[in-house]
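Participant: sharing a sequence plus its predicted fold:
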Amino acid sequence: MEEGLGQNSVPGSGLVDRTRIVEVKPLRSLAPVLPKSLQLSTSGRYPSGFPPFVLFEGPQESQPSPTHMPTPIRSYRKPQDGAEETPAGVNGDTSSPMEDVNGKSVDDSPKRPLQPMKNCKSSQKRRTKTQDSGSSSLVGGISIAQRDDGDREVVNLVLMTFDSLRRRLCQLEESKELNTILGAKRPDLRASNVMTSKAFRTNMLSCSSIVSSGVYDNDAEDEDVLIYTGQGENFNKKDKHVVDQKLHRGNLALDRSSYRKNEVRVIRGLRDAGNKNAKVYVYDGLYKIQDSWIEKGKSGGGVFKYKFVRLPGQSSAFAIWKSVQKWKTGSSSRTGLILADLSTGVESIPVSLVNDVDNEKGPSFFTYSNSLRDSKPFSLVQSSYGCNCNKTCVPGDLSCSCIQRNEGDFPYIANGVLVSRKPLVHECGPMCKCFPNCKNRVSQAGLKHQMEVFKTENRGWGLRSFDPIRAGTFICEYAGEVIDRAKVYKKGGINDDYVFDTSRIYNPFKWNYEPSLLEEISSNVSTEDYTIPSPLTISSKNFGNVARYMNHSCSPNVFWQPVLYAENNQYFLHIVFFALGHIPPMTELTYDYGCSGHGDGSSAPQGIKKCLCGSSKCRGSFG
């Protein structure tokens, strides 16, 4: 078996001419038989002395030969019209929501973009039936053609919609408003079922991916090699009798992918720094199955093993995360480290300063501060400044005045993730009677991820995180001095490179869930247009935090949200950043700076700067 599973054949005295096998049974009618004993003799080429796959047993000597030999899986003809028959073999973590990856690195193989769904099918018959239905578009504006084969933009739309649905379903369940018709309690499975029932999917004709999350005995010590355990628990939960994994579903898909030498997308489950019991799933690139075999698992049953080898020439992902773990434990030194903590103890988590590009020793001097200075209060209609909740605010408690201000919804789910963009998010503050650890004070607790300020190749200093960041997670507040806008803009230009201005023009985008997918009334769903009581301009030139180092991008992975809470009998507005999608470790954090005017980047007026974000959607300028 020099080529993994590709050399398997039907045991017997004679050879089978596969080119003559044309009348075969449907795949689902086959019942592959595993070897009766795992203790077969081997040549020593396989780990632990276990044998390679033998999909079908030959006829026993004591029994007459069957009239018809079993049809080998490998004898099936190649699908017509490029249809791929290999669905994803998913080996996921059932204890945490199934989430997908940041869109930046998904589309390494344009012909087969990454899938968010576990049960991907590519039936040619189903595709034909759908095409004959006459429908030109689906929920959310995905056309039939995009559903069959979508580009990166469509993939990102589906992923973002899936995660927004999952967050909303978590919010409804936590507030005890979930309709029992939605089924099981897991929000990830419900979100997947809803999208499947509404045909909100893409790339249904091409799906081949696995998830390595640590639930199974997956060996991931080598950064470019993954020893992957097949799908299916090898014990019976009811009576604990050991059973062998079966060659069906994901295992059968991987078997076929091995034979066809398909490229398989690998997704890694990494520990969520904000929730130790959960994982964030990030894309690790394209792999191929180099080898496969059967061995005995820890509980005694037979399990399938696959050796995945990463294709060269791809940007690092899991390898970077492994390096980060070494830096955190101190077992490996950080190249280019200038300061261990740029915040000088202001943040509870140190912020490192690194330059491995040139000899510059650090950014210009400033005083590190994680709060606003000279902030202006706002007068609102509400007469009460704080809630009267005991200990902590409870989702679904409409007697809480802070929940009332949030249109009856708790803005965050249990792990502190923002559910939806809102005109304003009202958090509990010092005027509230709930405890300081109330889950409605997310933006006031400081950094939750270990950040690093680093020197970029061509855009000065930037910001990134050692940890993977889940979509909707709090990043940081924009700290600094609240100043008069007129002092910043002079003669139509800007004399401060460290300014956040709410009055700029920002490209609109959709992040919230689609109400029609849950059959909710759209009018009851909050708009994503911000409501700013009064324009707010913040300068972090002299005083600020890590937010001052976030660069601009026309395709950002971070967005800002206005947050309001009361202090000293007055309301104050804060600008808070959240993750737009799942962000892998050591990925630069960027947001849209917006525009105060128009420029083409080459002959831009004063204050307008040329954009170097490198995005395919780059506007050419910002500022």
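Facilitator: Now that the structure is in, tell me what you want to look at. Note that the coordinates shown come from a computational prediction; the quantities given were computed from them, not determined experimentally.
Participant: how is this structure partitioned into domains?
Facilitator: Following the TED database, the chain resolves into domains at 144-176+185-198, 209-232+244-329, 334-519+526-598+607-622.
Participant: got CSV for the ones you listed, with mean pLDDT and mean neighbour count too?
Facilitator: To be clear about C-beta, it is placed using only N, CA and C from the backbone, and glycine gets the same treatment. Listed next are the domains of the chain as CSV, based on pLDDT from 0 to 100; neighbours: other Cβ atoms under 10 Å:
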stretch, mean pLDDT, mean neighbour count
domain 144-176+185-198, 88, 20
domain 209-232+244-329, 85, 19
domain 334-519+526-598+607-622, 90, 18
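Participant: any weak-confidence spans in the stretch 1-150 of the chain?
Facilitator: Residues of the stretch 1-150 of the chain meeting the criterion pLDDT under 70: 1-141.
Participant: tell me the secondary structure at R256.
Facilitator: Here R256 is recorded as helix under DSSP: H, G, I helix; E, B strand; the rest coil.
Participant: again with E452
Facilitator: From three-state DSSP, the assignment for E452 is strand.
Participant: how much space between it and N551?
Facilitator: If you measure E452 against N551 using Cβ to Cβ, to the nearest Å, the figure is 14 Å.
Participant: which residues do those two both contact?
Facilitator: Shared contacts of E452 and N551 (Cβ atoms under 8 Å, 6 or more residues apart in numbering): L463.
Participant: is it true that C613 touches H552?
Facilitator: Yes. C613 is within contact range of H552, at 6.4 Å (criterion: Cβ atoms under 8 Å).
Participant: could you name every residue contacting both of these two?
Facilitator: Common neighbours of C613 and H552 (Cβ under 8 Å, 6+ apart) are T590.
Participant: which SSE is immediately downstream of the helix ranked longest in the chain?
Facilitator: The residue-count maximum for a helix in the chain (DSSP state H) belongs to helix 152-174. The first helix or strand that comes after helix 152-174 along the chain, using DSSP states H and E, is helix 187-197.
Participant: hey, C-alpha coordinates of the helix or strand just after that following helix in CSV?
Facilitator: Following helix 187-197 in sequence order, the next helix or strand is strand 209-212 (DSSP H and E). Taking Å, rounded to 0.1, in the frame of the first residue of the first chain, the C-alpha atoms of strand 209-212 are listed here in CSV:
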residue,chain,number,x,y,z
SER,A,209,-12.8,18.6,4.9
ILE,A,210,-12.0,17.2,8.4
VAL,A,211,-11.9,18.8,11.8
SER,A,212,-9.2,17.8,14.3
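Participant: list the contacts of K455.
Facilitator: By Cβ under 8 Å, 6+ apart, the neighbours of K455 are G336, V354, N355, D356, V357, D358, E360, W461, G462.
Participant: that one and T335: what is the separation?
Facilitator: If you go by Cβ to Cβ, the gap between K455 and T335 works out to 12 Å.
Participant: isn't A479 right next to K541, touching?
Facilitator: No. Look at A479 against K541 with Cβ under 8 Å: they stay out of range, at 11.9 Å.
Participant: who touches both of K455 and T335?
Facilitator: By Cβ under 8 Å, 6+ apart, the residues touching both K455 and T335 are V354, D356.
Participant: on the three-state scheme, R421 is what?
Facilitator: coil.
Participant: apart from its neighbours in sequence, what residue is nearest it?
Facilitator: Distances taken as Cβ to Cβ, 6 or more residues apart in numbering put E528 closest to R421, at 4.5 Å, once the chain neighbours are dropped.
Participant: right, and the one you found touches L424 too?
Facilitator: No. Using Cβ under 8 Å, E528 makes no contact with L424, being 11.8 Å away.
Participant: common neighbours of the two, please.
Facilitator: With Cβ under 8 Å, 6+ apart, E528 and L424 have no common neighbours.
Participant: for the longest strand along the chain, C-alpha coordinates in CSV please.
Facilitator: Longest strand in the chain, counting residues (DSSP state E): strand 275-296. The C-alpha coordinates for strand 275-296 follow below in CSV (Å, rounded to 0.1, in the frame of the first residue of the first chain):
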residue,chain,number,x,y,z
ASN,A,275,-13.6,30.1,27.5
LYS,A,276,-11.3,27.3,28.6
ASN,A,277,-14.0,24.7,28.0
ALA,A,278,-14.5,25.7,24.3
LYS,A,279,-12.4,25.8,21.1
VAL,A,280,-12.1,28.2,18.2
TYR,A,281,-11.8,26.4,14.9
VAL,A,282,-9.3,27.7,12.4
TYR,A,283,-8.4,26.7,8.9
ASP,A,284,-5.0,25.0,8.6
GLY,A,285,-4.7,24.5,4.8
LEU,A,286,-4.8,21.7,2.3
TYR,A,287,-3.5,18.2,3.1
LYS,A,288,-3.3,14.8,1.3
ILE,A,289,-3.8,11.4,2.7
GLN,A,290,-0.4,9.6,2.4
ASP,A,291,-1.2,6.4,4.3
SER,A,292,-4.0,4.6,6.2
TRP,A,293,-4.4,1.6,8.4
ILE,A,294,-6.5,-0.1,11.2
GLU,A,295,-5.3,-0.4,14.8
LYS,A,296,-6.8,-1.1,18.2
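Participant: before we move on, the earlier item: quick one: the longest helix of the chain to helix 187-197, angle?
Facilitator: 130 degrees (axes from the mean of the first three to the mean of the last three Cα atoms, to 10 degrees).
Participant: and helix 152-174, what other elements does it pack with?
Facilitator: helix 187-197 (3 or more Cβ pairs under 8 Å, 6 or more residues apart in numbering; DSSP states H and E).
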